[in-house]
Every structure is written in C-alpha cells, then in structure tokens.
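**Student:** the following block contains a protein sequence and its predicted model.
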Amino acid sequence: MQKNKTVPTLEWKNNAVRMIDQTLLPEKLKVIVVGDPAEMWRAIKRLAVRGAPAIGCAAAYGVVLGANKSTAKTGAVLLKDINKTADYLATSRPTAVNLFWALERMKAVAVAEKGLPVVALKKRLLDEAHAILAEDTAMCRAIGDNGAKLVPKRKGVFGILTHCNAGGLATSAYGTALAVIYSAFAQKKNIRVFADETRPLCQGSRLTSWELMQAGVPVTLICDNMSAQVMREGKIDMIVVGADRIAANGDAANKIGTYGVAVLARHHGIPVYIAAPSSTFDLSLADGSQIPIEERDGDEIRRGFGKLTAPKDVAVYNPAFDVTPANLITGIITERGVISAPTKAKIARMLK
Ligand code: MRU
C-alpha cells in the first residue's frame with residue numbers, strides 16, 4: 001500500500017527501537033535508534049515519533065527499554081522500576097490517550113506477571129509491546145476497510161480533505177484517516193485528497209502529502225486558510241481526520257484546526273468523519289471539555305523550523321489540539337464499524 005513500507009514508522013531491533021525521525025521529513029528519511037526511556041521521552045516530546053497510535057506503540061517499547069536497563073533481581077523490584085518508567089513516559093505529552101492506554105496495559109501485565117523470574121518478565125513485556133503494535137496495524141486495516149465503504153465509486157473525482165497526518169507515520173502502519181484513503185484508492189475509487197498544511201508544525205504538508213505521494217494517491221496541498229474557499233468551490237465531498245482522544249459523548253480532540261474545518265464543513269453541508277481505533281476512546285471523560293490540551297513552545301510559531309517569522313519576543317498562544325463537538329461529527333470510523341451521529345449510548349454499544 002505504502003511504497004515506503006520497507007521503512008517502518010517504528011520497530012524493535014537489536015534491543016532498541018528504530019524509528020523514522022519525523023521532524024526531518026520530507027527533506028530526509030532518517031532512522032534514529034532509541035535505546036533508553038529518556039531518549040524515548042524526548043523522541044515523543046519533540047515529535048520525532050508522533051500521532052496518537054504511534055505514540056502508544058513507542059511508549060510501550062519505552063517501558064521495555066526501562067525494564068531491560070533495570071538491575072532488579074526479583075519481579076517485585078522490577079515491577080517498581082517498570083511503574084517508574086511508565087509514569088515518567090506518561091509526562092511526555094498529555095493529549096493522546098493512546099499513550100496512557102498503552103502504558104496502563106504494560107503496567108497491568110507487569111502486575112499480573114510479577115511472580116515470573118526477571119528475564120521471563122522482561123520477555124513478557126516485550127511480547128506485550130509487540131502485541132500492541134500488531135493490534136494497531138490490524139485495527140488500522142479494519143478502519144480503512146470500514147471507511148472505504150463511505151467513498152462512492154464514481155466517474156467524477158471524489159474530493160477528500162484531511163488535516164494533520166493520520167497516516168502510516170502516525171500509527172504502526174496504514175494510518176486511520178489515511179487508511180480510509182489507501183483502502184478507497186486500492187479499490188480504484190476516483191479520489192483526490194486535499195491536505196491541509198497544518199500550521200504550525202506542518203504535519204499536513206511535510207508528512208501527509210509526502211506519504212500520499214509515496215503511495216501514488218493524488219494529493220493537492222493547501223494552506224489551512226484556504227479550506228473554506230476550496231469547500232465553496234465544490235472540491236470537497238468528505239472530510240476525514242484522525243483523533244487523539246474521544247470522550248464518552250463523541251467529542252473528539254485532534255490537531256489544532258480540526259474544529260475549524262468541521263465548522264466550515266457544516267456550513268457547506270460536507271460530512272465530517274473521525275477515523276480512530278478503540279484505543280483512542282476515553283470513556284472516563286464525559287465530554288471533550290475534560291480533554292487535556294497540550295500547549296507547546298511559542299517558538300514553534302515565532303520561529304518555525306528555525307526561521308524567525310515574528311518578532312522574537314511576541315506573546316504567543318500555541319495549543320496543539322482542539323476539540324470538535326460530537327454534533328459536528330457525521331460518524332466515527334472504528335475498527336469495529338462506523339458510529340453514525342455519535343452519542344454516548346452508540347459509542348458504549350460499539351465499544352462493549
Ligand atoms: O501533534 P501530533 O503530530 O502528534 O498530532 C497528531 C494528530 O493530531 C493526529 O491527527 C492524531 O494523533 C491521529 S493519528 C492517527
């Protein structure tokens with residue numbers, strides 16, 4: 001599906017994690033080696049690895065890296081070290097719930113298996129991290145297949161707008177929003193993707209347009225402030241984006257700017273789909289107002305990619321995510337099926 005599939009987003013090799021340094025794309029496709037939890041924390045924080053499901057997979061391997069560094073002689077002591085590593089990795093980024101979901105899953109395995117000899121417990125943790133990665137790939141494939149059914153086969157071009165990068169780079173493989181696109185494209189549907197640039201860190205221009213071009217999918221890049229006009233010109237038939245956390249009522253946090261796209265889409269009568277695996281739902285939160293929104297360094301706006309584009313000490317507000325209310329969402333595409341006009345009851349039923 002992806003031509004670059006020989007370079008996985010991240011993988012476990014020689015007792016370390018090899019990952020694409022996404023901050024360097026599209027200029028350089030460079031693989032970095034992450035060998036301890038502090039390096040993993042930093043890789044997540046600086047967005048070398050990013051996208052909710054990919055962060056979850058990376059964090060799970062980060063716990064393994066911590067366990068392997070531990071000199072504990074008993075399962076009980078190793079458990080303490082594992083919890084410490086997991087709690088530390090949890091401080092890297094606050095919004096994507098997949099991070100906490102994966103860390104909790106690793107902690108739960110450690111608790112359940114603490115009676116094992118330390119070597120066996122470390123191996124068990126590695127198996128769990130591998131399982132998280134493999135399940136993510138399977139979920140992404142299923143999301144793609146479920147979502148592709150929403151894309152009609154027709155003569156005229158079907159325009160799909162996406163925001164940020166919810167592709168293979170943001171997951172173990174395939175992606176969520178882009179899985180829908182890859183799957184529809186594989187079914188020979190006549191699609192054209194419009195990729196929002198996605199300021200300030202340009203995941204849309206740097207990553208999505210690069211990834212889609214690698215796969216041969218027709219893609220047109222636009223600046224974020226062009227989407228209203230492109231919608232009015234009738235070029236967009238559907239919006240599909242990913243999510244970092246979905247509350248129990250269907251409110252969905254995703255990259256800053258998604259909410260604006262959804263408001264514009266409602267005005268233009270265009271359906272908005274969120275594509276996300278079940279690991280992105282946080283049913284402990286009643287609605288989106290409780291989702292923690294990461295605020296990032298102002299220099300990402302003042303001096304994007306090293307060039308001063310504003311007075312160097314201008315005040316900046318830089319929330320990395322926003323929340324799209326459930327009433328603007330036409331459907332949530334999950335690996336289990338599509339939740340149309342999401343409500344608390346429908347979400348609970350689908351995830352049961
Ligand atoms: O700050 P990022 O690049 O990690 O933000 C990523 C997004 O907002 C994605 O759309 C989301 O994580 C879904 S990825 C399948």
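**Tutor:** It's in.
**Student:** quick one, what contacts the nearest residue to G304 once chain neighbours are set aside?
**Tutor:** Ranked by C-beta to C-beta, 6 or more residues apart in numbering and with sequence neighbours excluded, the top spatial neighbour of G304 is P200, at 5.6 Å. Every C-beta, even on glycine, is put in place using the N, C-alpha and C of the backbone. Residues counted as contacts of P200 (C-beta atoms under 8 Å, 6 or more residues apart in numbering) are E300, I301, G304, N318.
**Student:** and the least confident of these?
**Tutor:** The lowest pLDDT within those belongs to G304, which sits at 87.
**Student:** and it, what does it touch?
**Tutor:** Here G304 is in contact with R199, P200, L201, C202 (criterion: C-beta under 8 Å, 6+ apart).
**Student:** equivalent analysis for A252, please.
**Tutor:** A243, R245, I246, T258, I274, A276, G288, V323, T324, A326, I329, I332.
**Student:** who does it bridge with?
**Tutor:** Going by DSSP bridges, A252 is paired in beta bridges with I246, T324.
**Student:** up against the ligand, what does the stretch 51-200 of the chain have?
**Tutor:** Residues of the stretch 51-200 of the chain lying near the ligand by C-beta under 6 Å from any ligand atom: G51, A52, P53, A96, C164, A166, A170, T171, G175, T176.
**Student:** the nearest residue in space to the third one that is not next to it in sequence: neighbour count?
**Tutor:** Okay, so that is P53. Counting by C-beta to C-beta, 6+ apart, P53 lies nearest to T171, which is 4.1 Å off, once chain neighbours are set aside. Counted with other C-beta atoms under 10 Å, the neighbours of T171 add up to 31.
**Student:** distance of whichever residue of the chain sits closest to the ligand relative to N327?
**Tutor:** At 2.7 Å from the ligand, G242 is the closest residue in the chain, using C-beta to the nearest ligand atom. Per C-beta to C-beta, to the nearest Å, G242 is found 19 Å from N327.
**Student:** and the two? which has more neighbours close in?
**Tutor:** Per other C-beta under 10 Å, whichever of G242 and N327 has more neighbours is G242, with 32 against 13.
**Student:** that one contacts A177, correct?
**Tutor:** Yes. In this structure, G242 is within contact of A177 by C-beta atoms under 8 Å, at 4.8 Å.
**Student:** name the residues contacting each of those two.
**Tutor:** Joint contacts of G242 and A177 (C-beta under 8 Å, 6+ apart) are A166, A275.
**Student:** sec struct for the residue of the chain positioned farthest from its centre, please.
**Tutor:** Of all residues in the chain, K73 has its C-alpha farthest from the mean position, at 36.6 Å, by C-alpha atoms, centre = their mean. On the three-state scheme (DSSP: H, G, I helix; E, B strand; the rest coil), K73 is labelled coil.
**Student:** excluding chain neighbours, what is closest to it?
**Tutor:** That would be V118: by C-beta to C-beta, 6+ apart, it lies 6.7 Å from K73.
**Student:** and K80, by the same measure?
**Tutor:** Closest to K80 by C-beta to C-beta, 6+ apart is A72, at 7.6 Å.
**Student:** in contact with the one you found, which residues?
**Tutor:** Contacts of A72 (C-beta under 8 Å, 6+ apart): L78, K80, D81, V118.
**Student:** the third one: neighbour count?
**Tutor:** Looking back up the chat, that one is D81. With other C-beta under 10 Å as criterion, D81 counts 18.
**Student:** how about the second one?
**Tutor:** Other residues near K80 come to 14 when the count uses other C-beta under 10 Å.
**Student:** I'd say D145 and S183 touch.
**Tutor:** Yes. At 5.5 Å, D145 counts as touching S183 under the criterion of C-beta under 8 Å.
**Student:** could you list the low-pLDDT ranges of this protein?
**Tutor:** 1-5 (pLDDT under 70).
**Student:** need the contact list for S172.
**Tutor:** P8, T9, L10, P53, A54, C57, L133, A134, D136, T137, C140 are the contacts of S172 under C-beta under 8 Å, 6+ apart.
**Student:** mind doing that once more with 6 Å?
**Tutor:** Listed by C-beta atoms under 6 Å, 6 or more residues apart in numbering, the contact set of S172 reads C57, L133, D136, T137.
**Student:** those residues in strands, which ones?
**Tutor:** Per DSSP state E, strands hold no members of these.
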